[in-house]
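In: Could you look at this predicted model? Sequence included:
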Number of protein chains: 2
Amino acid sequence: MNEAVVLTPERILEATEDVLRRFGLAKATVVDVARALDVSHGSVYRHFPSKASLRDAVAKRWLDRANEPLCKLAIGSGPAPERLEKWLRTAFAIKQKKVCDDPEMFATYLALAQDAREVVEAYKDKQVELIGRILSDGVAQGVFQIDDVKMTARAVFDATVRYHHPAHAEEWAKPECPARIDALLALVLRGLEAPRKH
Amino acid sequence: MNEAVVLTPERILEATEDVLRRFGLAKATVVDVARALDVSHGSVYRHFPSKASLRDAVAKRWLDRANEPLCKLAIGSGPAPERLEKWLRTAFAIKQKKVCDDPEMFATYLALAQDAREVVEAYKDKQVELIGRILSDGVAQGVFQIDDVKMTARAVFDATVRYHHPAHAEEWAKPECPARIDALLALVLRGLEAPRKH
DNA sequence: GCGCTGACAGATTTCAATATCTGTCATACA
DNA sequence: TGTATGACAGATATTGAAATCTGTCAGCGC
């Protein structure tokens, strides 16, 4: 009854992530995953109905891990504008770090995002929900003036696509990027602000 | 001395656009273009140093044509916020129309945009310049409050990438799109506004 | 019985031979 | 002299046969 030799979805995902990192999305096969686990590929199909579902599960794990620090930021306390700015900057930084450190997984994510698949949609919705939470706090604090929080959260997400959508990843390394991010965030934050009492 | 049989860059571009439309970017060859003009492909190389330069020239023509109505809007008169909104909505509409009506040329443009090639950079800079012009008008009218017009124009361009960058074209047809555009534009315009005197 | 195996059919990918294309240039023609 | 040609070398794309992969399932061993 050695725990290590029991074939669990978790172990399969682990192995799949390794295989994807090693061979890349294009080359990785279910047979490779099975080989890495020293089982037949039929066994893998006992836990995941298709290669696509396996790939999606890996992507979900990867995205969830990447999202963790953002969840913490969203439920934090303090002035909403600062928190939103920090949240967005962190989101950009996480993506930028991933694209450098884990390019194979990032390419996988890019492929997924381009297919506009379910997993990515769910992930985006989660992001928008987190933004919405900060916006609500801001409204409660009287620093944001917003009609429809959900729609505005979506608008904030849309306005910042350029710095979190993998399709634009190539541009993130350019030297003028930080200044452009500053300008964009300033514009967005001003758009949310309640009129100043001075 | 029949004008019609003189081989000019203009005639070559015309033919190239036809060939691209007919075969698509992937299949179109310089030989096809030469055949369409009933000349040898060597003659084409007399006017364009490479296939890439020919493709870029076609793209430039296509982009310039698409840009024309936007230039007119930018130099118009009237309240800047309305003009900016109209300008952005027109920009979105043009792109959306192109992606429906002229999908082959749009695919060519997408390929160019993904390569981040010179022609597209110049086109983007032109767009930002036009936005900047409207923003300046707004500052003069006292309806916009902006520190750095150039940077802010860039920020407005960046904030709206989702609806003019071809990488996101698939999403433009979705039913929730118009509402999201409304929310985004409202956010951006509020971010530009000078504080209200009430 | 339960979980795994491995053979299998059909779909997809690889690979190398073949064909086509790009870009050059010596030559022809007007 | 200025413009177009077509043959050519090297690079790239196409093709079809062979190899590999995906997903299924009857059966094996614990």
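Out: Good, I have the coordinates.
In: isn't A:L20 right up against A:M105?
Out: Yes: applying Cβ atoms under 8 Å, one finds A:L20 in contact with A:M105, separated by 6.5 Å. C-beta coordinates here come from the backbone N, C-alpha and C atoms, glycine included.
In: Compare those two and say which is more crowded by neighbours.
Out: Using other Cβ atoms under 10 Å in any protein chain shown as the criterion, A:L20 and A:M105 rank with A:L20 on top: 24 against 20.
In: Excluding sequence neighbours, find me the nearest residue to the spatially most central residue of chain A.
Out: Centroid check for chain A by Cα atoms, centre = their mean gives A:L63 as the closest residue, at 4.7 Å. Excluding the flanking residues, the one nearest A:L63 by Cβ to Cβ, 6 or more residues apart in numbering or on different chains is A:Y123, at 4.7 Å.
In: Can you tell me how far that neighbour is from DNA strand C?
Out: 25 Å (Cβ to the nearest atom of the strand, to the nearest Å).
In: quick one: contacts for that residue?
Out: By Cβ atoms under 8 Å, 6 or more residues apart in numbering or on different chains, A:Y123 lies in contact with A:60, A:63, A:67.
In: And for the residue of chain A found nearest DNA strand C, the neighbour number?
Out: Of all residues in chain A, the one sitting closest to DNA strand C is A:G42 (2.2 Å; Cβ to the nearest atom of the strand). Using other Cβ under 10 Å, A:G42 has 9 other residues around it.
In: can you pull out the helices in chain A?
Out: Under the criterion DSSP state H, chain A contains helices at A:9-27, A:30-37, A:41-47, A:51-74, A:80-101, A:103-115, A:118-141, A:149-159, A:161-164, A:177-192.
In: With distance to B:A80 and mean pLDDT added, can I get those in TSV?
Out: Shown next, in TSV, are those (distance: least, Cβ to Cβ, whole Å; pLDDT from 0 to 100):
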stretch	distance to B:A80	mean pLDDT
helix A:9-27	47	93
helix A:30-37	58	96
helix A:41-47	59	96
helix A:51-74	35	92
helix A:80-101	26	96
helix A:103-115	35	80
helix A:118-141	27	95
helix A:149-159	19	98
helix A:161-164	24	98
helix A:177-192	15	98
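In: Get me the contact residues on chain A for chain B.
Out: By the rule Cβ under 8 Å from any Cβ of the partner chain, the part of chain A lying against chain B is A:116, A:148, A:151-152, A:154-156, A:158-162, A:165, A:167-168, A:170-171, A:179-180, A:183-184, A:186-192, A:195-196.
In: one more time with 7 Å, if that's ok
Out: Proximity of chain A to chain B (Cβ under 7 Å from any Cβ of the partner chain) is limited to residues A:116, A:151-152, A:154-156, A:158-159, A:161-162, A:167, A:170, A:179-180, A:183-184, A:187-188, A:190-191, A:195-196.
In: which of these count as buried?
Out: A:151-152, A:154-156, A:158-159, A:161-162, A:167, A:180, A:183-184, A:187-188, A:190-191 (16 or more other Cβ atoms under 10 Å in any protein chain shown).
In: Near DNA strand C, list only the ones from those.
Out: Of the residues in those, proximity to DNA strand C by Cβ under 7 Å from any atom of the strand holds for none.
In: Between its first and last residues, how far does stretch A:154-174 reach?
Out: Start and end residues of stretch A:154-174 are separated by 26 Å (Cα to Cα, to the nearest Å).
In: Can you list the neighbours in contact with that stretch?
Out: Stretch A:154-174 is contacted by residues A:88, A:91-92, A:95-96, A:99, A:106, A:109-110, A:113, A:127-128, A:131, A:177, A:181, A:184, A:188, B:116, B:158-159, B:161-162, B:167, B:180, B:183-184, B:187-188 when judged by Cβ atoms under 7 Å, 6 or more residues apart in numbering or on different chains.
In: cutoff 8 Å now
Out: A:84, A:88, A:91-92, A:95-96, A:99, A:106, A:109-110, A:113-114, A:124, A:127-128, A:131, A:135, A:177, A:181, A:184, A:187-188, A:192, B:116, B:158-162, B:165, B:167-168, B:180, B:183-184, B:186-188.
In: who touches stretch A:179-191?
Out: Applying Cβ under 8 Å, 6+ apart, the external contacts of stretch A:179-191 come out as A:81, A:84-85, A:88-89, A:92, A:156, A:159-160, A:162-163, B:148, B:151-152, B:154-156, B:158-159, B:186-192.
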